[in-house]
Each structure stands twice: as C-alpha cells, then as structure tokens.
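**Q** Fold the following, please.
(chains A, B and C)
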Amino acid sequence: MYKYSLAAAAGVAAILASGSAMAGKDLDAIKARGSLICGVGTGTAGFMLADSQGKWVGLDVDVCRAVAAAIFGDAEKVKYTPLTAQQRFTALQSGEVDILSNNTTATLTRDTALGLDFTAITYYDGQGFMVNKKLGVKSAKELNGATVCVAPGTTTELNLADYFRAQKMSFKPVVIEKVEEIRAAFFSGRCDVYTTDASGLYSTRAANVPPPAKPEDFIILPEIISKEPLAPAVRHGDQQFADIVRWTQYAMLEAEEYGISSKTVDDMLKSDNPTIKRILGVTPGMGKALGVDEKWVYNIVKQVGNYGESFERNVGMGSPLKIERGLNKLWTQGGLQYAEPIR
Amino acid sequence: MAVEALGTTTRAKVAPWNDPFIRGWVFQIVVVALVGLLAWFLVSNTIENLERQKIASGFHYLEREAGFEIGDSMIAYSPSDTYARAILVGLLNTLKVAVLGIILATVLGTMIGVGRLSPNWLLAKICEGYVEMFRNVPLLLWLFLIYKMISEAFPGPRQAINVLDSFFLSNRGLYFPVPIADPIHKWMGLAFLIGVIATFLVKRWAKKRQDATGQPFPTIKTAIALIVGLPAVIWLLDGAPHHMSWPALKGFNFEGGTVIQPEFTALLLGLVLYTSAFVAEIVRSGILALHKGQTEAAMAIGLSRGQVMRLVLLPQALRIIVPPMTSQYLNITKNSSLAIAIGYPDLVAAVNVTINQTGQAIENILIIMAAYLSVSLSISAFMNWYNKRIALTER
Amino acid sequence: MADVAQGERRQLAPPVVDTGVLGWVRKNLFSSWGNALTTIVLAVAIGWILANFIDWAVINAVWTAPTGQDCRGHGACWALIHEKYRYIFFGSFPYEQQWRPLLAIVAMLAMLILSSDRRMWNARLLWIWGVGSFLTFLLMFGQIHISISLILFVALGVGGLGMLMRGAVGTPAEVNGWRALAAIGAVGLVLRVTGVLPAWSLPIAPFDYVETHLWGGLPVTMILATYGLLFAFPYGVLLALGRRSKLPLIKGLCVGFIELIRGVPLISLLIMASVMLPLFLPSGTTIDKFLRALVAVILFAGAYIAEIIRGGLQSLPKGQFEAADAMGLNYVQKTALIILPQALRVVIPPLINTFIGFFKDTSLVLIIGIFDFLNTANQALVDPNWAGFPAEVYLFAAFVYFCFCFSMSRYSKYLEIELNKGTRR
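**A** Prediction:
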C-alpha cells in the first residue's frame, strides 16, 4: 500500500521537474524566464519600499533595475520578493530569488560558509543607535543597562553584543524578526534604543515615526560602532551572473565619474572621448565580453541613472532622508566609491 | 475416499508466487527498497547541493562563539559562550514554559470543566462561552493580542506602576524582590525534597490506616507542615538570613530583584488560556461519561457536591481523561514553539538565529526535531505509565 | 370516613415561584446561598465588563475616518478595518482583480457546504470537488496549463485503481477498458520522460496570471487548510493501513514515520520545508514557497489523520475482515469496499475536528513569510499612519476565525448525533 504513495510522490516530483525550468546556470534561467527576481526587504524607506500602487523604489531597488536593464534592456523586467532578515539567505540559497539586494552586510562567514557571493559595495555604512530625546542620552557610552531592540540573524545583533562587552556595559535585548514590529516596539517604548545600520536609522526616523510623535523627538547617537559595507549578494556557482551584477554597479559609478547622467547620456553618445565611447558601447567589445548587449551602460544610465542620481533621488538631499554622501562620495571627491575601469 | 488423519495439518502446496508468506516478504522488501531509493535520492541531492554552494556541514559550529545576546535565560549566558550553550538556554526556556504551562492549564482547565457542570446556570454558561471563545480562535492570534496589549497598555519604566516600592509593573515586565543567594538555600532545597518524600510516605501510611481502621488522618495539615515547615526550620536555625535583592530604577531599567518579562507572560498566558479550554472539554466529557448512578449514590450518602466531585467523580474520571490529556500536554510543549512569533527566546528561536548566522540549516533542524521528539516521548512515556497505574484491573 | 367527592377537589396551580421564569431562575441561579452569591458576583462582573466593552466597541467607536490621527482618543477605531479590509482579506492580489479571490472563497465555501449535506455523500462528491477545485485554482492563478504528463499520470492512476477495484467484479469489457487506460498512461509517461513525446500543455487562460507570492488573506488560509487535508487524506489512510499491517517492516516504517511527525511541532516542519526542501531536490528545480508550505501541512496532517483512521479501523469487529476474506476478496477490494467505508463513517466527527484544528494551524505559515489571513491582519497594523490599534484588528480577525470554526464545530456535533442515530437503542 505504501508503495502507491511513493509512486505518487515520484510522479509528482517528475511532473514538477518536467514542468519547471531545469536550468543549470542562473543566468540562463533568468534569461529564459524573461525577468529578474530580486530579493528585497519588507520596507525601508529610501532603500526598498513599495508605494501604495505596489511599485518598488529605493537605492537597493535601483541596483536590481540596473541589472535588469543590462541583461534585458528594460529596467522594469524585475519581480520583487520581500524577505525578512531570517529568510533572506535561505531564499537566495534555494533559488527563490536570483539576487539579494536588501542592505545586507558583506562578511567573511556569509561569503564562505553560507554559499553566497557579494559583488560591489552599494553603500558604505556603519551601525548606530537611535534613542528618544526624552531619555537625555548624548552618547552610546551612556547606554549601560538599556533595553535594545534588534533583529535576529544580523550582523547588528553580533556587533551590539561585542560593543557592549568591550565597553563593559550590559544590555537587555528585545529580539523581533520583522522590522516593522521592531519599529513598533521601539516607538511604543518597549525598548529604549533601536540599533541597526545608520542608513536604516535615518530612514526609520524620516518615514516611520507614528503620529503624534515627530521625527525631531528622536536622536541618532554619534557613535558608529562597526563597518557595514552593504552589497548585493548572488549564489556561488554562476560567475557570469556575478560579473554582470558587479560591473553594473561599477558602470553606474563610472558613469557618474565621467559625468554621464540620465539627462546627458544621449548627448554623450556623440562624444569623442574614447573612454566614454567605450563605456557607452559606441566602441563595441565590453558588452560582448560581459555577455550582454553593447548598449548595456546606456540602458542602465538612461533608465535608472548613475550612482549619484540614484543616491540623491532615494536617500540624499532630494529625498526625505537627507543623508549626506559622506563615505559614499566618489574617490575623486575623497569618498570610498571606486569603480574598476571598464576597458 | 481419502480421509485426513486428525491432528495433521499440512500447508497446502501452492506456487511460490501465491504463497502469502513469500508474497508478504517480497512486498516488504520492495517497499523498503523503494523507500531506500527515495531516501538515497534526497540525500545525494542534498550533498551535491551543499557542495555546489559551498555551504559548511558538520556539527563543529556548536563549539564556535555564538556572539548574540539572549534576553531571558535560566542559566548564566553571555555572547562569548558557544552556540551549544545558546541552544541549551533555548531548550531550558522551552521546558520552563512547557512545565509551567502544563501545570497551570491542568488546574485552570479542571476548574472550568467542573464549572461547566455547575448547577448555577450563569456559571455554566460563562464557562461554556470561555471554552468556545478560546477553542475557535488560533493560538497565534491570542499570543499577538495578549502581547500587544501588555506592551502597549503598560507604561514605560520611568512611569512604572509601583506597589509598595517593591513590585514594579511596566512594559519591561514585572519586577519583584528575591532573596539573595545564600548557601543555606541548598539545605532548604534538600529539606523541601525530604518534606515532599515524607509527605508521600505519610499519605500512603495514612491511607492504609484509614482502610484498616477507618480513622482519618489530617494528611493535608501534615503535608503543609512537612513541606513548608522543614525548610522554614532550617532557615530559622541559620539565623533567618533575609537579605533581599530589591529592584530599583537605575538609568534605563530596573536593576536587582528578578523579572517576569512581557514575552514570557504573554506566551504562558496565551498557552494556558488556550489549552485550558481543551482540558475543560476533556474533563467535562470524562465526568459526563461516568454512570449517573455514581453521582446519585454519593449524594444519597450525604456528601456535598464538592465532595462528590472531589472524592467520587474525578478519581474515576481520571481513567477516561488521561489519554486525551496526554495529547494536550504534548500540544502545549509543541505550541510553545510559537514563542518565535513574539520574541521569547525558546529553542526554535535560538536555533533559528543559529541557522541564520551559520547557514547550516540541516544540522540545526535535526537538533530541533531531536529535542522535541525526546521531550514528547518522555511526556508520553510518563503519562502511559500513569495511565497503566490507574487503569481498572479487571478479571 | 373521608368523603372527598370525586371531581370536586379544586386543582390548585403550582406556586408561582416554582414554575415559569421565576421558577427557573430560582432553581438555576439562586438555589442555595453559595449559588446566589456566585450569581450576584458573576452578574455584576459580566455586566461591568460588557458595559465597558460595548461602550468602547460600539458607542464611542469611530466607524470611518480619513486618517489614523482622527481615530485616536475615542473608542474602538473600526475605521482602520474599513480602510484596510481589502488588504486583510485578499493580501497583495492586484486591486482591480480582487473579485477573483472573492469568488474563489465563495467556491470553496460552496464545496464545503455542499459536502456537509448527507444527500451528497456519493459519487456526486467527486464532481463537486473536482469542479469546485478547478474553478478555485483557475480564479486564483488566472491561467492553468495542464501538462501532458499530468493528464497521463491521472490516466495511469485512475486506470490502475479501476483495474484493482473492478478486476474481479466487472465485465471483461470493463476491466479491459481500465487496463487500456492504465496502459495509455504508463506508456505515455515513459515516452514523455524519455523525451520522445514533446512537452505540451493544454492552456486555459481566461484571466491575467497572478503568482502565488501575491496571494494573501482568507483564500490562502482556506486553500492551505482544505487542500492540505484533502491531499493528506489518502496518504493518511495508507499510513493507517500500513501501521495495522502484520508485515513487520511496513509496520515499523509507518509507526516510525507517524511518531516522528507527531512528536515535532508544525513550525519545525514549516521551517524545514521552506529551508531544506530546495536542498533535497536536484539543483535548478525551484519549488514555489506556497507549495512548500502546502507540502509541510500535508505531511503533518497525514500523520494525525492516520491516527484517527487507525482508531476507526480498530473499532470494527474482526468479523468484517474475516467475512471479506471468506468471500475471496483481495486486499484492495476488501479494504476499499468493506473496511474503509465503515471505518470512515465512524471517524467523520474527529476528522472534522482535525479540519478545524488545521484551519487554525494554517496561521503558523506567518513564520515562513506566507501571507495568510492572520499575517495580512498583522501587516495592516504596520502602516505608521494607522499605528496603535492592535485590539481592533486582532478582534476582527478573531471574529472571522470564530465564525468559521464555531460553525464547523456545531456541524460536527450535529453530525455526530445524526450518524449515531442508528446505533442508539
């Protein structure tokens, strides 16, 4: 009798196998599918947020749109899958998403033991603390004994423990998985401190403070206690796809470095500068080497913009978050963003 | 005519493929082979996938430093302890919730089950309403509701509700004073155990004496004297050390004393209220299954309703109640895993963080399943033993 | 001598305080001092709670409001529900097409309600469920492509079953018909798997395709519970039969499997399915997250159903088995025609209770990120403009669950009485 249920199971497996895409390489699967599946967070204003029409906008979202523009020539050929911090790695490992672009910090463990590959750094960040002004705290060193809201399974959790140990202070954690509930717990007073990447703190303060409280009621403490290089991640195994993602990011930086923006790119096509001609594909060869259309950078810049435009629009002075470029300036202006040359 | 001699039964000679014995074994071997094939298919895929993605495997990560803090722990734990210790903390928290939940749910459920059979119509209907309300709504929903109510209804620590300057109720939990650890507590614990064992022995002796001579013995008073008195005597002999640790607001939170956190409270309260509804139904159907003559006879000899319930009905109903009760106890243990939804650090939550930090899903899930299986099997084994003990010994 | 003439005695009515409403009150609420005290205390407590609740929930409640700010400071903010009910019920399903999940819910309710009518308990049930399920999935997905492998597989299954069931009973023509169907299925599948037969599917595409990660709310809960249990049912039957088998290896396998699944919480199975299932399958095959949750629910439900059916099988008198053997029925015929119909009749009420339990347990898929009804209700609280009203949302969700589960449990009690009418003396 049991063998019939096994036959059924084997049959179902066979049907599923024959029905779904039997793809060996990730890039082939993506091309066959005709769209990129982008794993994002559940809602961090400025980085990855779905507006009321269901359209996703943000800095991390722009990375996915740029990759789609490079591969398909159309930045809208992306499907977004919201993931919590606990689900994100297994979703990427299991093939549920092609690329993880949700403010994930690149670390050694994640690069090795988790089977992931980080590409270029989207945003140089660090971990900070946010408290209510009413507590009268001016520095993170005054936080001994505080109750801290933190998400599980993140570098935030580990850095927090390390920092308090190093400062010989103690704290009580409130560990909640969903970022919306962490924010609710912080704003309702369940915890004194909210800790995450500084970009997340600015985003929360700008967009998620529930009335009647106001963003001015909260202060982000000056201490930055860790390095948080936020980069997109792909699975081990498909080098070509990883290269495309990395070079898409470099392309946006190169474009800003050479003054190519979504407004000027059409004019730049007529430029005589050999570097610009090479970047924009007027001189062919770069696209072919990468395995994409020669106009890949043109598509990226035209539809998404260069790094500077994306930054300003989403998290910079042109947005409610008003974050300074800081470490994310180009190297030519003293920042850390340095693209490898497209040649 | 051939007549078979009496007493000889020979197996009819059939072809091997019609012989049920051989067919049975062939069928079993085929099934086991198919299951083995399926298992091999799954395992080989898993190994191949793990290698391809370069995900680590093996249990060595258990000796690595955990690096994360746990909010509510029964044993000493710091982020520099190993993953193994973190998982142990989670397991202890699960056991704590399970044991407390079982005890409280049994007590509350029995009271409500008996209340449903009360002659007072209002009480019976309220108990019925309670049972229907809790049984028909998911446990997770109750947990969220209770947790949100606790978090949002209670004030922050600086405006905490203050009772006698010793008990503080806020949205960080209930703080209350505890005695500071003193070496005499070990001896008091020992005295408590001796008191409990002595109570059992006294109870057995008293029952024998009552069966033989009919004289009742004040067992309950003696029990209280032994269980409370013996440790109290030891305490007094040592000079009655009464240094307490008082909670006081220092900076952000209360220091000192001990705390019952809102997550724990919400989980325990949710589990107890939910399961007690099921326990109430089990108790009620157990009592209703008894012959009505028992109640009538007991009342005819002059016992009050309370005595009827306590001395006649409940002991007999126990036999009917114990098997379904076992599954409710198992349910409490397994439902405690919902702690992950409200942030209480139980076993599943601790292992979940470990999966995320180390990437090794399979080993960790095996740990969860092994832990829950052992706890479930122990509870069932204990309840089965108890069931056999109280079963009717028939001819 | 007493000479009370017949018919002259005046019939006195019983005392007023012993009959009618007053009598009932006296007997049930005030029969003794303790009772009276309890009644008074309870009545006061209930009255106070009810008064406050109605004050909060009805009298001072805000029924519509443009933003959350306007809702604060009054009683219950039902305006939040008014604002977000479509998200709570249907999740992120495309806004204009939400009539589709609504109709899917109606279809599933219709299937369940029709199945509850005992007049339908025959072959009509297969038609109801077949058509209803097809409609439900067509509405939710929008487009169904029935692959040739599925058609062939169904042919094989149905043909095989027909062969086994009617092998000794039907006319040669009929049995040959079943054999032919099974043969077509088997041969076709072999050709398909080896690649000789090309991939082809029957497209049925009346609406836009909506992927499972956009599904949410009540349809997700109902689909997980209904189809989880439906698919778990045959597998539970097989496990129960295997556990009762005398063949030691089969029995060992089934017992081990059942005890393993029943000993672990559903959460661990859900986490296992969502995390480990992709590792178990050959690289490159992806399984939909919704399907993973469904598989976990099916595995879990099967073990519980197996135990219940085992109880039913145990309750049958041994004579039934022996008589079936004596008539020469083989194992499949005996089980399918004699044993199972009787055993299943006995266990229908516990099975309905299992369904109620699973309807509530589907709320656990929240943990793996699937938007069932409880999860969408939870998400509705997240909007910072409407923050601070957890009680309203959760009470509303509780009310919906209560309606479903309470009606099902009432039906189960009614059914139990009905089915036992023949056995009561």
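**Q** State the distance from the closest residue to chain A within the stretch 151-300 of chain C to chain B.
**A** Across the stretch 151-300 of chain C, no residue is closer to chain A than residue C:278, which sits at 3.3 Å (C-beta to the nearest C-beta). Heads up, the C-betas are built off the backbone N, CA and C, glycines and all. Distance, residue C:278 to chain B, using C-beta to the nearest C-beta, to the nearest Å: 8 Å.
**Q** show me what contacts that residue?
**A** A:93, A:94, A:95, A:96, B:49, C:285, C:286, C:287 (C-beta atoms under 8 Å, 6 or more residues apart in numbering or on different chains).
**Q** In what element of secondary structure is it found?
**A** helix C:266-280 (DSSP states H and E).
**Q** List the first helix or strand encountered after that helix toward the C-terminus.
**A** Using DSSP H and E, the helix or strand that follows helix C:266-280 towards the C-terminus is helix C:289-314.
**Q** what's the pLDDT at residue C:7?
**A** Note for residue C:7: predicted pLDDT of 62.
**Q** Ok, residue C:145 next?
**A** At residue C:145, the model reports a pLDDT of 83.
**Q** Show me the domain layout of chain A.
**A** A:20-124+A:230-333, A:127-226 (automatic domain parsing).
**Q** Need these in TSV (columns: mean neighbour count).
**A** Below are the domains of chain A laid out as TSV (neighbours: other C-beta atoms under 10 Å in any protein chain shown):
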stretch	mean neighbour count
domain A:20-124+A:230-333	20
domain A:127-226	20
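**Q** Nearest to residue C:80, out of those?
**A** Closest to residue C:80 of the domains of chain A is domain A:127-226 (C-beta to C-beta; 12.9 Å).
**Q** Quote the end-to-end distance of the closest one.
**A** 5 Å (C-alpha to C-alpha, to the nearest Å).
**Q** can it be found next to chain C?
**A** Yes: Domain A:127-226 lies within reach of chain C by C-beta under 8 Å from any C-beta of the partner chain, at A:180, A:181, A:184, A:187, A:207, A:208, A:209, A:210, A:211, A:212.
**Q** so what's the second one up against?
**A** In other words, residue A:181. By C-beta under 8 Å, 6+ apart, the contact list for residue A:181 reads residue C:382.
**Q** Okay, and it sits in which element?
**A** Here residue A:181 is assigned to helix A:179-187, by DSSP H and E.
**Q** same check, this time on residue B:297
**A** Assessed by DSSP H and E, residue B:297 sits inside helix B:292-300.
**Q** buried set for that helix?
**A** For helix B:292-300, the neighbour count (16 or more other C-beta atoms under 10 Å in any protein chain shown) marks B:295, B:298 as buried.
**Q** Run through who's touching that helix.
**A** Contacts with helix B:292-300, where a contact means C-beta under 8 Å, 6+ apart, come from B:305, B:307, B:308, B:311, B:312, B:313, B:316.
**Q** CA-only coordinates of that helix in PDB, if you can.
**A** Only the C-alpha atoms of helix B:292-300 are listed here, as PDB (Å, rounded to 0.1, in the frame of the first residue of the first chain):
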ATOM      1  CA  LYS B 292     -25.100   8.800  36.700                       C
ATOM      2  CA  GLY B 293     -25.600   6.300  39.500                       C
ATOM      3  CA  GLN B 294     -22.300   7.300  41.000                       C
ATOM      4  CA  THR B 295     -23.400  10.900  41.500                       C
ATOM      5  CA  GLU B 296     -26.800   9.800  42.800                       C
ATOM      6  CA  ALA B 297     -25.300   7.300  45.200                       C
ATOM      7  CA  ALA B 298     -22.800   9.700  46.500                       C
ATOM      8  CA  MET B 299     -25.400  12.300  47.100                       C
ATOM      9  CA  ALA B 300     -27.600   9.700  48.800                       C
END
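**Q** and that helix, how far out from the chain's middle?
**A** 35 Å (C-alpha atoms, centre = their mean, to the nearest Å).
**Q** ok, back up a step: among the residues of domain A:127-226 next to chain C, which two are most distant?
**A** Maximum distance among the residues of domain A:127-226 next to chain C (C-beta to C-beta): 20.5 Å, for A:181 and A:212.
**Q** so what's residue C:418 up against?
**A** By C-beta under 8 Å, 6+ apart, the neighbours of residue C:418 are residue C:118.
**Q** can you give me the strands in the stretch 201-343 of chain A?
**A** A:218-220, A:228-230, A:233-235 (DSSP state E, counting those that start in this stretch).
**Q** so how far is residue A:297 from residue B:274?
**A** When distance is defined by C-beta to C-beta, to the nearest Å, residue B:274 is 59 Å away from residue A:297.
**Q** ok, now residue C:29?
**A** 84 Å.
**Q** same deal with residue C:391?
**A** 54 Å.
**Q** and if you look at residue A:86?
**A** Residue A:86 is 36 Å from residue A:297, by C-beta to C-beta.
**Q** Please, where are all the helices along the stretch 1-150 of chain B?
**A** B:20-52, B:83-116, B:121-135, B:139-153 (DSSP state H, counting those that start in this stretch).
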